[in-house]
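Undergrad: Structure of the sequence below:
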Amino acid sequence: MQLGTFSLSLSVKDIKKSKEFYEKLGFEKFDGNIEENWLIMKNGNCRLGLFQGMFDKNLLTFNPGWDEDANELNAFTDVRELQKKLKEQGIDLIKEVDENSSGPEHFTLEDPDGNPILFDQHV
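TA: Numbering: from 1, shown residues only. So this is what the prediction gives:
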């Protein structure tokens, strides 16, 4: 099962301070808009999302359809197919995708320890 590119999405209190901190660790802005309170930072193959006021907790994030540079992939497992496979394995979802939809969509679940996982397809 191909889950897509992985990143950690952090719920931050002050996005400007967080940006400055992660820049000191060698991260650079990859995408996002600081005025909208979200940034994607990059250091080598590592992706880190900074989100102020958008999430209650930090999230593990998978992006089906993207490579690590947010380029669209020709072949990938659609988020609806991922959802179906996970449900067949008895995994409960918090937010589901309409299986009759197409294109960009997302669903969420939690691991056994309550860590939220977001499957966020942009293509």
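Undergrad: Show me where the protein has its strands.
TA: With strands called from DSSP state E, the chain shows them at 5-12, 28-33, 38-43, 46-52, 59-63, 105-110, 116-121.
Undergrad: who's in contact with the fifth one?
TA: Yep, that's strand 59-63 we're talking about. For strand 59-63, contacts defined as CB atoms under 8 Å, 6 or more residues apart in numbering pick out 3-9, 11, 49, 70, 111, 115-122. C-beta here means a position set from N, CA and C on the backbone, and glycine is covered the same way.
Undergrad: Report the contact partners of the closest residue to residue 16 other than its chain neighbours.
TA: Once flanking residues are discounted, residue 16 sits nearest to residue 34: 6.8 Å by CB to CB, 6 or more residues apart in numbering. When the contact criterion is CB under 8 Å, 6+ apart, the partners of residue 34 are 15, 16, 19.
Undergrad: tell me the contacts of the first one?
TA: The one in question is residue 15. Per CB under 8 Å, 6+ apart, neighbours of residue 15: 34, 37, 38, 39, 50, 51, 52.
Undergrad: For the residue lying closest to it once chain neighbours are set aside, report the pLDDT, please.
TA: Counting by CB to CB, 6+ apart, residue 52 is the residue found nearest to residue 15 once chain neighbours are left out, at 4.1 Å. Model confidence at residue 52, given as pLDDT, is 98.
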